[in-house]
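K.L.:
The sequence and its predicted three-dimensional model are supplied below.
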Amino acid sequence: MDGPQEVEVALARALEGDEAAWVRLLGLLWDRVDDRARRSRYMGQLRGSIDDRREVVSRVFARLRRNNLRALRTFPAWRERNPEKTIDDWLAILVTNVIRDYVRERLGDIDASGNGLKRMLHTLASSLDVDADGARRPAMTDAIAATELLSVARSILPAEQASALASWLAGGDFEEIATAHGWPDARAARGKVRAALARLRRELRDETAAEVTA
């Protein structure tokens, strides 16, 4: 993978209007952006999808290209304010913002029918399977969604499961959750969260079936 210095040279020339430099910059950054999407917790289960990652990469470059490279033009000033950082650090911020917007769009808003909540539950539950270490919940769960989910959880789940889920959504890892609740280990805490999500999904599925047959 090409180094940050070569990337910055191509970036500077692109900002001067060199179209060939822009094409070169796109080639230099493509794998970097795809790798960040593949490793991002914000992507949740979507990071395993080549099509979703490709869409994120395309959106990142579209944002950089938009309005005469407006986003790209913020880099030199950012670099001056953060001389100890590299373009990879700047790129990480941009990619994360694009991923957040994309994931919100894919999951949809929580609406009156509860469809958005069901999609979010599916993504959260799936993340426990695809996450290599299972340490933290996907950061795609914003404050509004988490509040809505916990409101439903507390009305349905046993206290232990609701408490474990609340800790996980707040960003606690399974070791921390186990210690706080007096459980033997991270595996026990993970089991509580998994059980909580499974029950919520089951309850919502049954509720939907009842509405259809009513």
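P.N.:
Arrived safely.

K.L.:
and Arg190, what element?
P.N.:
helix 186-213 (DSSP states H and E).

K.L.:
can you give me the mean pLDDT across that helix?
P.N.:
Here the mean pLDDT over helix 186-213 is 71, rounded to a whole number.

K.L.:
now swap in stretch 163-170 and tell me
P.N.:
Here the average pLDDT along stretch 163-170 is 79.

K.L.:
Quick one: distance of that stretch to the chain centre.
P.N.:
Computed by Cα atoms, centre = their mean, to the nearest Å, the chain-centroid distance of stretch 163-170 equals 17 Å.

K.L.:
Arg190: neighbour count?
P.N.:
Neighbour count for Arg190, taken as other Cβ atoms under 10 Å: 21. Placement of C-beta: from N, CA and C, glycine included.

K.L.:
Which residue, other than its chain neighbours, is closest to it?
P.N.:
Leaving aside its sequence neighbours, Arg190 sits nearest to Phe174 (Cβ to Cβ, 6 or more residues apart in numbering; 4.9 Å).

K.L.:
again, but for Leu25
P.N.:
Using Cβ to Cβ, 6+ apart, the closest residue to Leu25 is Ala10 (4.2 Å).

K.L.:
tell me what the helix or strand harbouring that neighbour is packed against?
P.N.:
If you go by DSSP H and E, Ala10 is part of helix 4-15. Counting by 3 or more Cβ pairs under 8 Å, 6 or more residues apart in numbering; DSSP states H and E, the packing neighbours recorded for helix 4-15 are helix 19-39, helix 75-81, helix 87-107.

K.L.:
Quick one: these as TSV, columns for mean pLDDT, mean neighbour count and distance to Ala159 too.
P.N.:
As requested, the helices and strands packed on helix 4-15 are exported to TSV (pLDDT from 0 to 100; neighbours: other Cβ atoms under 10 Å; distance: least, Cβ to Cβ, whole Å):
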stretch	mean pLDDT	mean neighbour count	distance to Ala159
helix 19-39	90	17	35
helix 75-81	90	12	47
helix 87-107	83	18	28
